[in-house]
Every structure is written in C-alpha cells, then in structure tokens.
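> coords please:
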Amino acid sequence: MTENLSGALEALLLLAEEPMSELTLATALDVPVPVVHDTLLELVAFYDETGRGFELRELGGGWRYYTREEHADLVSAYVLEGRESKLSQAGLETLAVVAYQQPISRARISAIRGVNVDGVMKTLLTRGLVAETGSDEVSGAVLFGTTGYFLERMGLRSLDELPPLAPHLPEVDELEAELSRLAEPAVAAHVETVPMNEDGPHE
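As a prediction, this is how the structure comes out:
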C-alpha cells in the first residue's frame, strides 16, 4: 500500500458527507481507478486487522467511513440523546412501495396505500430517501424512485439486494388489480356523462 496514496484517500474520505465513487477519488488524485480500488481494499483490511472503531465500506455506489456495528448503541445514545429520529409507520410503508415499484407516481402510491401520501412523500423527499426520476410518457405525472442515500442507509450496494417482497407485504399486483376492478363502474359512468378532456388524463 502506497503510504502517500492511502493517506490522501483517508483525507478525502474524512471530508465526505456521502459515499465517494472510485472514479471521483481517482480523478481527484490523478491516479488510475484500479490503483484506487486496490488501495481502498488494503485500507479496509488494515482497519480490520488493527481493530479500529471505524471501518471503510462500499455502499450506495461509493466509499465512506462508518463506525463499527459493535459500537452502534454507544454512538446512537451519544448522537441522538434520546430523541426519536425514525420514520413513522406511514413513512416506512410509503418508502417500501417506492422501493419495490419504482419508478412510480404519487397517485399510484396513494392508490396502493389507500390514503393520501402528499405529506409522507414530502418527508421522504426532504430526508433524501426518494427523488424525482422523470415523468410518465402517457399522463405526464412525476415519477419517483429511491436514492443513493436510501441504499446507503439500508446497507445495500444496489436495488438488486432488496429482499423478496412477498414475505413482507401484500401482493401489490393483486391489490392494484382489485382497485382497478372497483374503479371500473365509476370510470364507465364518468365517461358516459363527461366528455374526455382533449389533453388526456392528468394526475
């Protein structure tokens, strides 16, 4: 491990407020990406061997320092000082819908959960757990998805590592099918009495 390079990587990573990619680090240090990758792995091994209270992890598409799991209770007690910082049940359920069904519109999230999610979505957006990812080609509705910060907080490298949906939540496809069946009579009555807007449906 090149001492100068490892020290430079440590300095940059200590400043990181979010995971830094190997490309970003390589560009900043003007060295090849493979060299950065190998040095990061050597740092990981070094911290493990010397029993440091922190570790270097690759999460959310980049690298960042974290306190070790065995010190989680101590750190939480010191930082939080008893204050509740968890998401509400509504927030967790809405975040799960976005994670497993993304990209997804606000209206579809509300339909799946059966309640208005405007307030919850604002909270998730503010916390950086979800973000706008584009718009629906047909309706023009804004679509949402999870962020790199979501992956980091969940301890995942990618969405492919999300656990299977079925054991934890009702079958979303079945729920949506039932909602569609319930909506059909109302939609038919509406079409018979009200002409379709030329601009098409809107969220």
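> remind me which residues of the chain are low pLDDT?
Low-confidence segments of the chain (pLDDT under 70): 1-3, 76-85, 165-203.
> what sits against residue 10?
Listed by Cβ atoms under 8 Å, 6 or more residues apart in numbering, the contact set of residue 10 reads residue 43. Using the backbone N, CA and C atoms, a C-beta is placed for each residue, glycine as well.
> quick check: it vs residue 47, distance?
Counting by Cβ to Cβ, to the nearest Å, the gap from residue 10 to residue 47 is 10 Å.
> pick out the residue nearest the middle of the protein.
The centroid of the chain falls nearest to residue 150 when counting by Cα atoms, centre = their mean (2.5 Å).
> mind telling me what element that residue is part of?
helix 148-154 (DSSP states H and E).
> gap between that helix and the chain center?
Distance of helix 148-154 from the chain centroid (Cα atoms, centre = their mean, to the nearest Å) equals 5 Å.
> pull out the buried positions in it.
Buried positions in helix 148-154, judged by neighbour count with 16 or more other Cβ atoms under 10 Å: 148-152, 154.
> how about those residues in a markdown table, adding distance to residue 111?
Below are those laid out as a markdown table (distance: Cβ to Cβ, whole Å):
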| residue | distance to residue 111 |
| --- | --- |
| 148 | 27 |
| 149 | 26 |
| 150 | 22 |
| 151 | 26 |
| 152 | 29 |
| 154 | 25 |
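> what is the burial count for residue 39?
Residue 39 has 20 neighbours, counted by other Cβ atoms under 10 Å.
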